[in-house]
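Colleague: I'd like to go over a predicted model; first the sequence, then the structure.
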Amino acid sequence: MTKPLRPKEFDARVMAYTPGLHKLAKRYRHRLEDQSDLVTDTIIYALGAWQTFREDGGMWSWLTFCMRGVVSNQAKKAAAREGMRFVALTSGAEARLYSDPSQEHHAELVDALARLRRIKGGTIVLRRALGHKLREIADRKGVSTTRVEQIESAARAKLKKAA
């Protein structure tokens, strides 16, 4: 049994979305060459999987899912090469690679936490990261929740600047 031929119109529709795919690739890759490679890989994947496209879902949505799939597969392959595990985060955040904890990681974490405590508002950022509610922190500090948010925001800005 022969495969049905992909319609030329489909190829043209995919290629019409190339500028949008380049913009989307900036979310996943920082270097321009990597962005171009990601777009190319996505187009190759989309053209190969053309039969999975459903008109009711829309071409852009489908291409977005194709790119996310390509990124995910590349991350899994990179993890396998590096001997690391791949963890897909369910919150829609980018997938991340991690290695098993070591003494070096523990030392880095202790150092980071010590630096965080030295920054004004660092303990608030830490407590928020641990899941404490604004109301809990505000009551303990004797300030409003708005003030806690302001302190947290300022501390995060300092951390970003320091990084």
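Modeller: Noted; the coordinates are in hand.
Colleague: which residues in the protein form helices?
Modeller: For the chain, the helices defined by DSSP state H occupy 8-16, 18-28, 32-48, 59-82, 103-118, 122-129, 134-141, 145-162.
Colleague: Of those, which shows the lowest average pLDDT?
Modeller: Note on these: helix 103-118 shows the lowest mean pLDDT, a mean of 77.
Colleague: Now do that helix against helix 122-129, angle only.
Modeller: In terms of direction (axes from the mean of the first three to the mean of the last three C-alpha atoms, to 10 degrees), helix 103-118 departs from helix 122-129 by 120 degrees.
Colleague: buried set for helix 103-118?
Modeller: For helix 103-118, a neighbour-count test (16 or more other C-beta atoms under 10 Å) marks residue 116 as buried. All C-beta atoms are positioned from the backbone trio N, CA, C, and that covers glycine.
Colleague: where's that helix relative to the chain centroid, distance-wise?
Modeller: When C-alpha coordinates are averaged (C-alpha atoms, centre = their mean, to the nearest Å), helix 103-118 and its chain have centres 24 Å apart.
Colleague: ok, and what's touching that helix?
Modeller: 122-123, 125-126, 159, 162 (C-beta atoms under 8 Å, 6 or more residues apart in numbering).
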